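Asker: Mind looking at a prediction? Sequence and model below.
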Amino acid sequence: MPYAPPTRCTDPECTEYATHRGRCDAHQPIPWAGRDDKAARYGISSGRWRTLKRRVTARDNGCCYRCGADQADTDEPFALDHITPIAEGGSRTDLNNLGLICPACDEIKSRAEALRGAQRARERAHQPRPRHPRRPACPTPRPAAST
């Protein structure tokens with residue numbers, strides 16, 4: 001079966017041939033560009049996050065707080081997790097709200113949190129918005145023009 005002819009890069013000013021996903025090598029998107037990091041997401045630096053993870057690992061003896069799996073028995077590293085999500089009122093850096101979680105439990109918990117977040121968003125969408133305090137609820141009727 002013949003191959004498709006080469007296409008030009010999708011960048012408007014580029015005349016090179018596309019090598020991957022419609023772009024030439026010079027115009028490939030930067031991986032993870034525009035994605036937030038822990039400092040932007042949680043308001044703490046990555047060094048502080050690593051320190052918290054070390055302290056929680058020592059406290060929990062490297063075990064998952066949900067299923068009790070030991071980190072030494074797996075190849076994948078455990079994640080530092082907020083037990084009560086920040087969106088549901090949990091503290092960002094309180095050690096009582098942080099725990100190690102294995103990848104399997106993290107996936108299950110993340111899906112459940114995403115469902116709860118979507119439910120909250122649907123509930124907010126159906127709530128009436130409060131009116132602006134200076135704007136009247138109904139426009140005042142204008143007098144009818146007399147002829």
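Answerer: Done, it's in. Numbering: from 1, shown residues only.
Asker: Next, the closest residue in space to Leu98 that isn't next to it in sequence: secondary structure please.
Answerer: Distance criterion C-beta to C-beta, 6 or more residues apart in numbering; nearest residue to Leu98, sequence neighbours excluded, is Val56 at 5.0 Å. No exception for glycine: its C-beta is placed from N, CA and C like everyone else's. Secondary structure assignment for Val56 (DSSP: H, G, I helix; E, B strand; the rest coil): helix.
Asker: and the gap between Val56 and Thr93?
Answerer: Distance, Val56 to Thr93, by C-beta to C-beta, to the nearest Å: 11 Å.
Asker: and these two? which has more neighbours close in?
Answerer: Higher neighbour count among Val56 and Thr93: Val56, with 18 against 14, using other C-beta atoms under 10 Å.
Asker: circling back: what's the residue nearest to Leu98 in contact with, if anything?
Answerer: 80, 95, 98-100 (C-beta atoms under 8 Å, 6 or more residues apart in numbering).
Asker: Flag every buried residue along stretch 68-85.
Answerer: Under the neighbour-count criterion of 16 or more other C-beta atoms under 10 Å, stretch 68-85 has 69, 71, 78, 80-82, 85 buried.
Asker: right, I mislabeled it, should have said stretch 53-71
Answerer: Applying 16+ other C-beta under 10 Å to stretch 53-71 flags 53, 56-57, 60, 62-66, 69, 71 as buried.
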